[in-house]
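A.B. asks: what's the 3D shape of this:
(2 chains)
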Amino acid sequence: MKTIFQVLPLLLSTLAFAQIPAGYKVETVPLPRGAVSVLGLCHKPDGTLAIATWEGEVWERRDGMWSKFAEDLMEPNGILYDAREDAYYIGQKPELTRLIDSNKDGVCDRYETVTDQFGISGEYHEYHFGPVMDSLGRKYASLNLGARGEFTVPDGKPFGKGGGNMSYNAPWRGWVYRSDRKGHFQPLASGFRSPCGIGISPEDEIFITDNQGDWVADCTLYHVREGNFYGHPASLPARADYTKEKVISQTASDFEKIRTPPAVWLVREVIANSPGSPVWDTTGGKFGPFAGQMFLGDQRQSNYFRCGVEKVNGEYQGWCVDFLRGLESGPVKMSFDPQGRLWSAQVGRGWFSVGGKRTAIQYAEWDGKTIPYAIRSASLNKSGFSVEFTQRLGKKITPVVKSWTYHYYSTYGSPPVDEKIPEVTNYQLSEDRKTVNFDVPLETNRVYAIKFPNQLNTEAESLDFDTIYYTVNHLRPDKEPMPGRNVGWSLVGSSWSRNDKARPLPIVVAPLSEAQCQVEMPANAIVLDKDQWTNPNWEFDKDGVMPRGKGHNPTKREFGDARIHLEFRFDPAKEEEYEGKAQLYGNSGIFLMSAYELQVLNGFRNDTFADGSCGAVYGQHPPLINASRAPGQWQSYDVLYKAPVFQKDGSLADPMRLTVHHNGHLIHNDVWIYGEVGGPYKAHGKKPLMIQDHKGTGVSFRNLWIVPEVKYDKELYSFRRLFVSGLN
Amino acid sequence: MTRLISVTKLTLLLIPFSGFARLERGQEIYSQICVTCHGPNLDGGIGPSLVDAYWKHGDSSEAIMRSITKGITGTEMIAYEYVYSEEDRQAVTDFILDKQEGNRQTLRSLYPRDYFKGKRLNPELFDSMESDSQEILPENFLYTKRMFDGVMRGQSKLFIKQPGKYRFNVGGQGGRVSIWVNGEEMHHSDDGEQSEPSFNKDFDLVAGVHDLEILQEEPTSFTMRFNARLQKIGGDNWVLTGRSLEGNVPKIIRPGPQAKVIRKWIEGLPPRTLLVLLPNRVMVAYDSASGQIVKAWKSALVNQTPSLDSRSQKESIAKGEEIPGATSIVLKGNEFNLLYYETRGESVLISSLVDGISQNFTVSPQGSDSFSVTLQ
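C.D. replies: Purely as a prediction, here's the structure:
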């Protein structure tokens, strides 16, 4: 009944045997003429399939018929359908593009550049993968390094002997970015080499797969957190705290200190060689007993495999296990259709695929009843592992465990290093015979291959794939770090929680001089002098300086969209007095519309959690950089914001947007404000500007003015360029 | 030393060559009829190029004659058997063949390694054994499959128009190669055994058709490392090896009744260039990052075929007759952001942000070989 090896007649020409789990079948879809390399695919909610090809075309398939939607693009390496906008997004080599069919004749008639704010030198390997979309509709894509170029990071090893092949030829190569809307380009995380796979979880978390090569020991699945660095140093010159010279002067041990390891190593030759994009089984069981798990494919292995992650010590880590083999070519992008079938765009060009065909579109479908016998998942215990199966196990077989680590170096790929075969003890089978628990000596930064040789189920059947690979970056702590307080919104796409202590601090840069920060007050500005404030505890002195007073201080007038200028200065405090009390060093805040806080806090040699530091949108967005001056010196904020727009029923129609300069540096670039400082959006109209009272050392304000009724979108372009800053 | 081959044991080609009166008749018909689609230089237009390495329907005299006689179903190539006499059709065939240069249709035979171990590669050795497979390659050059584990023999014809001294340029590593022209070995190299010295002769070729035979073996690798060119000393050279299109049809983007915008990687053009291809076959390269027209051509097309193999390591080619003085500044400013583009019939509308201010312009055909740019 549940025979594991099954002959697929349609694959006879290339591969006589495939490993298809019981209850599943694989079907092949004929390609449109000229589609010789399918690089991307997606579904519309109505079931329409859309593909993007290397040759530069986009095709739609309805009722089995293909029609060409767009053409003459440059190597679109992924396609996404945005239902809210009824438009496709494609990551073509020079830009992220929106394809619009405004007259609804089934053919794209407008090609809109969404972002081209990243560099491209023309080197052929500068691929652009994606996009994917978060629940707010924002897009994410990844940028390959160049294969050839002048700037590589060989770390002392000769080129050609594996010494740092991939090069940085243009800004933001080797990064993952977010594109919110036209003009908004936000680099999210660095350190990627050839990040072909990009996916977003149902919880709005970005995951990237990368290809083994220089600085990448094996194939990887990364959990991407905003601001983190994932290992390939050629991408670092884009960061404000690095230059090319600094990168070259450092060694692997320096980069190791700032590197975040992969959540899962996708073990070479066994699971993957060139992994594609992850998708999550959100079919609610339509695709079998693996709901919630990640499915991926590999361009060489021509397989589907599964992954799962769990938070251990606040960071994701997890496992991978093979799922299905014998596809015609190598999957690079996948998509679940509304019926719960798992489709893949497959290519065999470039690197040879086991499947053998140069390209294919196939889908896997579950029969809705047969539970295949498989390892379902693995989880780390305090002293070993827990492995779950989909079926009841027969005679108990003690697993065989092997562990290893990898080199982190400029050489192309790493063999398994320091292999060990630790002893398995305390084997226990659960009462329902589906979960195995055992102890094994655990060490961090190792892959554990957990193999169940000849482990039959109660029907005496064998496993398709008897080994699951678990990546241990952390051991189970006594107590998991507490997630941030839930205030009704989350930090979509950044993968951090509110006030997360592990979030990287904003990079410190030199502020512009006070003279460079001078701005001309527009004629229609309202000077916020002593007559404009309501709290009598806040008083201006004869020099026009207003120290923080008792109780919050709102303005008399209410404001909508506005531009604000203000200056602030922290009272110098003795460092020993405030050690460990970072939030007490000059704390105040600019409460835009009385509800959205731009943090005021000494940011000079005063480390605190990133989204509570000076210039942060408190709890949401750390500043892009830390341009603080020392206490005792005057500093400036220049703020442009767009008030949130609400529907009649009070729900949010359009979020608040914010762009801020701190001491002449852009620290927020048209960011999406997720809600009020302490809770979700509540519908409101114009509101007073308010300055916060907070305990701690003193802080003073001066030279405050506000321009009411600004046209945010119209002003944004010139406001971004308000100051001449090399970083912006 | 050299001789004209008129009969071939491979029956690959059997053609008359220059000097026949009917070449003139062929040219006459070509310039009346064929030129419309295949272009004055035979390098394509609405129809495919007749002088490149890719022949969808075969490049033998018989195959070309058949295409002309019967036409190609589903294309604008009609059956000319009802229009021209057989003699005329043959004249056109000869005219087309007369325009060919370099390597022609290749017969590739693949053999197991064992038999050749320790033996010197030569045609007789290959003749003494049955091949594993034999295939006429759709490309006019030689290649093997990835991870090929065996020995290869390629047989083809060289079309030579320029008489003179020639030699082979052979590269690669770790293999052995023997190249024969008209039955004489002109190149021999063996990186492995060194049992006898390598040599690479200079040799004379007269204008005409010559037999070419390439025998080759190398260690199994991801892609074939062997590469070879025929070099006219002090002159042109012709590629003899390459990469398979893997069954891809050559892809050429040609003008249509509506204007098109093409985004391709083209040697020498900035990566954010929009190629505006107008119905009058004029193509304008507009660099969206600088607001400038950087180049323009008439009788233009984009040949994407070279970029189709492997991993896009090669550029597409913009072809046409360059329009002198077409370079110009369209938008003045410091910072240019492309907003969108759309086709408006025969024109293209391009919208940009120039220093924060939106500016639109159209590119339209003008006359038969020019274009105009209109700011809006």
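
A.B. asks: A:Gly78: what's it in contact with?
C.D. replies: Residues in contact with A:Gly78 (Cβ atoms under 8 Å, 6 or more residues apart in numbering or on different chains) are A:Leu39, A:Gly40, A:Ala52, A:Ile90, A:Gly91, A:Phe129, A:Gly130, A:Pro131, A:Ala141, A:Ile198, A:Ser277, A:Lys333. (Glycine included, C-beta is placed from N, CA and C.)

A.B. asks: Can you select the buried ones from these in PyMOL?
C.D. replies: The PyMOL command for the buried members of those (criterion: 16 or more other Cβ atoms under 10 Å in any protein chain shown) is given here:
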select buried, chain A and resi 39+40+52+90+91+129+130+131+141+198+277+333
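
A.B. asks: now the contacts of A:Gly78 in CSV, with secondary structure, distance to B:Glu135 and pLDDT?
C.D. replies: Formatted as CSV, the contacts of A:Gly78 follow (DSSP: H, G, I helix; E, B strand; the rest coil; distance: Cβ to Cβ, whole Å; pLDDT from 0 to 100):
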residue, secondary structure, distance to B:Glu135, pLDDT
A:Leu39, strand, 28, 94
A:Gly40, strand, 32, 97
A:Ala52, strand, 32, 97
A:Ile90, strand, 37, 98
A:Gly91, strand, 37, 97
A:Phe129, strand, 36, 97
A:Gly130, strand, 39, 96
A:Pro131, strand, 41, 98
A:Ala141, strand, 41, 98
A:Ile198, strand, 40, 98
A:Ser277, coil, 36, 97
A:Lys333, strand, 33, 97
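
A.B. asks: nearest to A:Arg61, of the contacts of A:Gly78?
C.D. replies: Nearest to A:Arg61 among the contacts of A:Gly78: A:Ala52, at 12.6 Å, using Cβ to Cβ.

A.B. asks: Pairing partners for the closest one in the sheet, please.
C.D. replies: Beta bridges link A:Ala52 to A:Gly40, A:Val58 when assigned by DSSP bridges.

A.B. asks: quick one, what contacts it?
C.D. replies: So A:Ala52 contacts A:Val38, A:Leu39, A:Gly40, A:Leu41, A:Val58, A:Leu73, A:Pro76, A:Asn77, A:Gly78, A:Ile79, A:Ile90 (Cβ under 8 Å, 6+ apart).

A.B. asks: I'd like to know how far the fourth one sits from A:Asp86.
C.D. replies: Just to be clear, that refers to A:Leu41. 18 Å (Cβ to Cβ, to the nearest Å).

A.B. asks: between the two, who's got more neighbours?
C.D. replies: Using other Cβ atoms under 10 Å in any protein chain shown as the criterion, A:Leu41 and A:Asp86 rank with A:Leu41 on top: 27 against 12.

A.B. asks: ok, now which ones touch the residue of chain A found nearest chain B?
C.D. replies: With Cβ to the nearest Cβ, the shortest gap between chain A and chain B falls at A:Tyr717, namely 3.5 Å. The neighbourhood of A:Tyr717, defined by Cβ under 8 Å, 6+ apart, consists of A:Gly183, B:Leu353, B:Gly356.

A.B. asks: and the residues you listed as CSV, adding secondary structure and pLDDT?
C.D. replies: Output for these, formatted as CSV (DSSP: H, G, I helix; E, B strand; the rest coil; pLDDT from 0 to 100):
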residue, secondary structure, pLDDT
A:Gly183, coil, 77
B:Leu353, strand, 95
B:Gly356, coil, 91
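
A.B. asks: now those residues in CSV, with distance to A:Phe352?
C.D. replies: Output for the contacts of A:Tyr717, formatted as CSV (distance: Cβ to Cβ, whole Å):
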residue, distance to A:Phe352
A:Gly183, 42
B:Leu353, 44
B:Gly356, 49
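
A.B. asks: who does A:Thr425 bridge with?
C.D. replies: Beta-bridge partners, per DSSP bridges, of A:Thr425: A:Asp439.

A.B. asks: Tell me where chain A has helices.
C.D. replies: Per DSSP state H, chain A carries helices over the ranges A:244-249, A:252-258, A:712-720.

A.B. asks: residues contacting A:Gly47?
C.D. replies: A:Arg62, A:Asp337, A:Pro338, A:Gln339.

A.B. asks: Can you pull the phi/psi pair for it?
C.D. replies: As for A:Gly47, its main-chain torsions (degrees, to the nearest 10) stand at phi 100, psi -10.

A.B. asks: which residues in the stretch 201-350 of chain B form strands?
C.D. replies: Using DSSP state E, counting those that start in this stretch, the strands assigned to the stretch 201-350 of chain B run over residues B:203-205, B:208-217, B:227-232, B:237-239, B:252-253, B:260-262, B:273-277, B:283-287, B:292-303, B:317-322, B:328-329, B:336-344, B:347-354.

A.B. asks: which other helices and strands contact the third one?
C.D. replies: It stands for strand B:227-232. The elements that strand B:227-232 packs onto, with contact taken as 3 or more Cβ pairs under 8 Å, 6 or more residues apart in numbering or on different chains; DSSP states H and E, are strand B:164-171, strand B:237-239.

A.B. asks: quick one, the helix or strand following the longest one and strand B:164-171 angle?
C.D. replies: Yep, that's strand B:164-171 we're talking about. Once the chain leaves strand B:164-171, the next helix or strand it forms, by DSSP states H and E, is strand B:176-181. Angle, strand B:176-181 to strand B:164-171, by axes from the mean of the first three to the mean of the last three Cα atoms, to 10 degrees: 160 degrees.

A.B. asks: Would you give the sheet partners of strand B:176-181, along with the direction of each?
C.D. replies: strand B:184-190 (antiparallel), strand B:208-217 (antiparallel).

A.B. asks: ok, and which of the ones you listed has the densest surroundings?
C.D. replies: Ranked by mean neighbour count, the strands paired with strand B:176-181 are led by strand B:208-217 with a mean of 22 (mean count of other Cβ atoms under 10 Å in any protein chain shown).

A.B. asks: Next, the angle strand B:227-232 makes with that one.
C.D. replies: Angle, strand B:208-217 to strand B:227-232, by the same axes, to 10 degrees: 150 degrees.

A.B. asks: May I have the beta-bridge partners of B:Phe336?
C.D. replies: Beta-bridge pairing of B:Phe336 under DSSP bridges involves B:Val354.

A.B. asks: OK, contacts around the residue nearest to the spatial centre of chain A?
C.D. replies: Centroid check for chain A by Cα atoms, centre = their mean gives A:Ile206 as the closest residue, at 3.2 Å. Each residue near A:Ile206 by Cβ under 8 Å, 6+ apart is listed here: A:Val132, A:Tyr140, A:Val176, A:Leu188, A:Ala189, A:Ile198, A:Gly199, A:Ile200, A:His223, A:Val224, A:Gly493, A:Ser495.

A.B. asks: Can you flag the buried ones in those residues?
C.D. replies: Here the buried ones among the contacts of A:Ile206, as counted with 16+ other Cβ under 10 Å, turn out to be A:Val132, A:Tyr140, A:Val176, A:Leu188, A:Ala189, A:Ile198, A:Gly199, A:Ile200, A:His223, A:Val224, A:Gly493, A:Ser495.

A.B. asks: Can you tell me which of these end up in strands?
C.D. replies: Of the buried ones among the contacts of A:Ile206, the ones assigned to strands by DSSP state E are A:Val132, A:Tyr140, A:Val176, A:Leu188, A:Ala189, A:Ile198, A:Gly199, A:Ile200, A:His223, A:Val224.
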